[in-house]
Structure formats: C-alpha cells, structure tokens
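Chemist: sequence and computational prediction follow.
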Amino acid sequence: MNIFEILSYGFIQRALLAGTLIALLCSVLGVFLVLRRLSLIGDGLAHVTFGSTAIALALKFYSAMSLLISMPIVLLASLGILKLTEKGRLSGDAAIGLVSALGISAGIILASVGGGYNVDLLSYLFGNILSIKNEEVGIAALLCVGVMLLMTLYYHELFAISFSEELAKVSGIRTSFINSILVLLTALSVVLAMKLVGIMLISSLLIVPAAGALQLARGFRVCILLAALQGCSSVIIGILISILSNLPASASIVMVNLLFFAAACMLRRIMYPKNSN
C-alpha cells in the first residue's frame, strides 16, 4: 500500500485534519506554558480529564458527547488550579498536584463502580486518533478557530506575563484575567488532545514542541512558528508511521516529537556553539 492509497481513506483524512488542528493548539500554548513554568498543568488536567471521561462513560455518553461532558469539568479544574496558586498560597506545581490527585482518584473510583476499565476508557487513556468521528473533527475545528482568535486578541498580554508577571501588572495588564484565559485555553486543548495521544501522553504534546523550538529560536514569534511546525509535522509523520508499521499512533507521534527535539538540541550546538554549554 503506497502513501496515496493511505491518504484516500476517510478515517485517515479525519485523523490528519483533527490531529494537525490539535497539535497546532497544543504547540502554541505550550510555548506560553513552558515560559510560565506551568508545563505540568497539562499532565494535571489530563488526570482530571480521566475522571470526567469516567463520568461520561458511566452516564452512557460516548464519542463527541463525552467531550461535552469533559469540557466544563476540566475548565473548572483549570480555574481551580489558578485560584489555589493565587489564594491558597501554593506553588503552581503543588496546586497542579492536588487537582491531579483528585482527578485521577475520582476516575479510578468511577471506573471501578462502573464495572472496571472497559475498552472505551482505555482508548481515552492511550488515544485512538484513527477512530475519530466527523462530529469530533467539527468540534476540534470550531475550538481551534476560537482558541486561536483569543490567542491573537490577547497575544501581547500573554507575551508580557510569560516573561514577567510583575512587570505586566505594573504596566496595567489584568494579569489574573490573562492567567485565566491561558489556563482555560489549555484546558480546552487538553480535552481535544485526549483522542489524539491519550490522557497518558497529553503533556508531551504541550511540552516537547515548545522545548524543541526554544532550543533554536532567537525571537518569540519565531519560537511559536517553530513549535507549531514541529507539533503539526510530528502528528502527520507519526500517524503515517503508525499505519505503515502497525504501531500505536499516540506513541508514534510522541516518539517523532522527541526525535525532533533531539535534532533541535544537536542543531543548537552547531548553530550556537558558544551558548550550548
């Protein structure tokens, strides 16, 4: 089977389209999260997504309907992390750990009560992008457009708080509001990425493209473009490798991402030898 025959299948086209949109969101948001030292928020929200998915499956909601159940729960959890850091005198990683523990424990209890880990729940744990439905592609497209519009609208504010929240606050930026925007956008991206790489690997889609771009970029806009390029390329190449080699798509995407990161580290040593140590 050649590459053109593979691309002729509808489920492959849906996977590539939805995967590229989700990778674009996660890669761009990841740059802001890495600079804010909130990289692990994706992992914490992924655990909450596990709990919300267990709720959706217990209520007999499947496919796109499970996304509609997960979204409000994960959005509230993201705001909870933010409030714990602002009002609870906790560091970001401690707040993420608390919410993560709540999400994963609630999911395990619900899965146990609901009859254990069935095939549907396991598909969300490890991802199954090749089974994505038309309505899920539509939801991904709508949310992608919405998130990118918000990021464009608040680009300068997001840029400011990424480097110095105190300076941004002194400059008159409503940092609490912008922080809320950032974590809410991240929550939406995490819910969407659930079907792409699974709950267990979501954080890699947020962190690795941004980390690779930061190795090479010498400007913020260039960094965002490189992260988006790496994220989207890794999804396309990873899906094709998984089909040709009969390997899990989620793990293939992450491994390609890690190879891109390793290549970026080597290129940095060649391009900027004085700064590589």
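Modeler: Ah, there it is. Numbering: from 1, shown residues only.
Chemist: is it true that G103 touches G80?
Modeler: No - with contact defined as Cβ atoms under 8 Å, G103 and G80 do not form a contacting pair (10.2 Å). Backbone N, C-alpha and C define where each C-beta goes, glycine included.
Chemist: more neighbours, the two?
Modeler: G103 (24 against 17; other Cβ atoms under 10 Å).
Chemist: tell me where the protein has strands.
Modeler: With DSSP state E, there are no strands along the chain.
Chemist: by mean pLDDT, flag the weakest helix or strand of it.
Modeler: None of the helices or strands of the chain scores lower by mean pLDDT, DSSP states H and E than helix 119-126, at a mean of 63.
Chemist: rounded mean pLDDT for stretch 109-116, please.
Modeler: What stretch 109-116 shows for mean pLDDT is 68.
Chemist: which non-adjacent residue is nearest L226?
Modeler: A213 (3.8 Å; Cβ to Cβ, 6 or more residues apart in numbering).
Chemist: so what's that neighbour up against?
Modeler: If you count contacts by Cβ atoms under 8 Å, 6 or more residues apart in numbering, A213 has them with 27, 31, 222-227, 230, 264.
Chemist: compare the residues you listed and tell me which has the most neighbours.
Modeler: S27 (31 neighbours).
Chemist: tell me how far the residue nearest to it when sequence neighbours are not counted lies from I253.
Modeler: Nearest non-adjacent residue to S27, counting by Cβ to Cβ, 6+ apart: G231, 3.1 Å away. Note on G231: its distance to I253, by Cβ to Cβ, to the nearest Å, is 9 Å.
Chemist: need the overlap of contacts for the two.
Modeler: Contacts common to G231 and I253, judged by Cβ under 8 Å, 6+ apart, are L205.
Chemist: okay, now G19: neighbour count?
Modeler: With other Cβ under 10 Å as criterion, G19 counts 29.
Chemist: was I right to think it contacts L130?
Modeler: No - if you go by Cβ under 8 Å, G19 and L130 don't touch, sitting 9.7 Å apart.
Chemist: hang on, the earlier thing: between the contacts of A213, which is closest to G51?
Modeler: S27 (25.6 Å; Cβ to Cβ).
Chemist: quick one: residues contacting the closest one.
Modeler: With contact set as Cβ under 8 Å, 6+ apart, S27 has these partners: 205-206, 209-210, 213, 227-228, 230-232.
Chemist: let's see which of those residues end up in helices.
Modeler: 205-206, 209-210, 213, 227-228, 230-232 (DSSP state H).
Chemist: which of these sits closest to L167?
Modeler: Among those, A210 lies closest to L167 (Cβ to Cβ), at 21.7 Å.
Chemist: identify the residues contacting that closest one.
Modeler: With Cβ under 8 Å, 6+ apart, A210 has these contacts: 27, 30-31, 33-34, 223, 227.
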